[in-house]
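# here is the input, now give the coordinates:
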Amino acid sequence: MKKKIHGYILDHDNRWSFIISYITLAVVLAIVINLFYLTLVVAIHGFFEWVKHRRLVDDRIGVAMRVLWELKLDVGLVLFGLALEVYIEMVLGIVGLGAAARAGATGGRFVVLQNVLRGTLLSVDDAAQVVRMVGARDGDDADGTDGSTEDTPEKVALRLEREEAQKGGRLGPWVGEYALGDKISLGFGALCLALILIAPAITTHDFASVWAAIVDEMHPWPW
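Numbers count the residues shown, from 1 in each chain. Model prediction:
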């Protein structure tokens, strides 16, 4: 049982059950509750990635950099959710509802729309994984840790994965050529973080109210 769970964690990116569960939890938690529980789901995904890359890379800093790389769009979309919370009054004003409308029926419907939008965007990364899985190999467990001394195909695959994972040293995929999707993910996260940081300069917020909005959105008991 323990070996099956370990194998599942190692191969989670190729498992429909994980992808569908992750998408469902991301959308439902972002819409129904708040970003705290979504962040918790992302953290669990991060733990899975840590277990996977710890198997391939010995250096802990190198593992952490690879895990962060795998979660870069997830983190960017969480930052997007926080930025949306900080700028919601400005958005309401732009569409003509006004800051006070948030407390009324129209404002309530807009907040629901905000949550739906946030939940949808927070599932983009996982939807991309679904597309990738369509053309991927079958998701068989291949942890290569059965104790056999034979040079099995699984062990050959594991050795090749490890050799590939060691490329780039501690920084791993953070160095070298970036694909277009990587550039978009990193740029999106950086933009959302920048919008949060400059909010006091372009909105009615000051640093204290920006922080208060973030803390409120990340509260584990929003009820």
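# okay, now the unreliable bits of the chain?
Applying pLDDT under 70 to the chain flags the ranges 89, 91-167, 222-223.
# quick one, helices of it?
2-10, 16-32, 35-54, 60-70, 72-94, 105-121, 124-134, 153-165, 180-202, 207-217 (DSSP state H).
# okay, those in TSV with mean neighbour count next?
Backbone N, C-alpha and C define where each C-beta goes, glycine included. What follows is those, written out as TSV (neighbours: other C-beta atoms under 10 Å):
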stretch	mean neighbour count
helix 2-10	14
helix 16-32	17
helix 35-54	18
helix 60-70	18
helix 72-94	19
helix 105-121	15
helix 124-134	14
helix 153-165	14
helix 180-202	14
helix 207-217	14
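# make JSON lines from those helices and add distance to residue 174 to it.
What follows is those, written out as JSON lines (distance: least, C-beta to C-beta, whole Å):
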{"stretch": "helix 2-10", "distance to residue 174": "22"}
{"stretch": "helix 16-32", "distance to residue 174": "24"}
{"stretch": "helix 35-54", "distance to residue 174": "13"}
{"stretch": "helix 60-70", "distance to residue 174": "6"}
{"stretch": "helix 72-94", "distance to residue 174": "9"}
{"stretch": "helix 105-121", "distance to residue 174": "24"}
{"stretch": "helix 124-134", "distance to residue 174": "18"}
{"stretch": "helix 153-165", "distance to residue 174": "13"}
{"stretch": "helix 180-202", "distance to residue 174": "9"}
{"stretch": "helix 207-217", "distance to residue 174": "26"}
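# number of residues surrounding the residue lying closest to residue 90 once chain neighbours are set aside?
Distances taken as C-beta to C-beta, 6 or more residues apart in numbering place residue 203 nearest to residue 90, at 5.4 Å, with adjacent residues excluded. The number of residues packed near residue 203 is 17, by other C-beta atoms under 10 Å.
# residue 88 is in contact with residue 203, correct?
No: counting by C-beta atoms under 8 Å, residue 203 does not reach residue 88; the two are 10.0 Å apart.
# residues contacting the closest residue to residue 188 other than its chain neighbours?
In this structure, residue 188 finds its nearest non-sequential neighbour in residue 76, 4.7 Å apart by C-beta to C-beta, 6+ apart. Going by C-beta atoms under 8 Å, 6 or more residues apart in numbering, residue 76 touches 185, 186, 188, 189, 192.
# residue 37 now?
By C-beta under 8 Å, 6+ apart, the neighbours of residue 37 are 29, 220.
# try 10 Å
Neighbouring residues of residue 37 by C-beta atoms under 10 Å, 6 or more residues apart in numbering: 25, 26, 28, 29, 30, 218, 220, 222.
# residue 199: which of these is nearest?
residue 218 (16.0 Å; C-beta to C-beta).
# gap between the closest residue to that closest one other than its chain neighbours and residue 11?
Spatial nearest neighbour of residue 218, chain neighbours left out: residue 36 (4.8 Å); criterion: C-beta to C-beta, 6+ apart. Per C-beta to C-beta, to the nearest Å, residue 36 is found 28 Å from residue 11.
# please apply the same query to residue 39.
Distance of residue 39 to residue 11, given as C-beta to C-beta: 24 Å.
# then residue 80?
Relative to residue 11, residue 80 is positioned 29 Å away (C-beta to C-beta).
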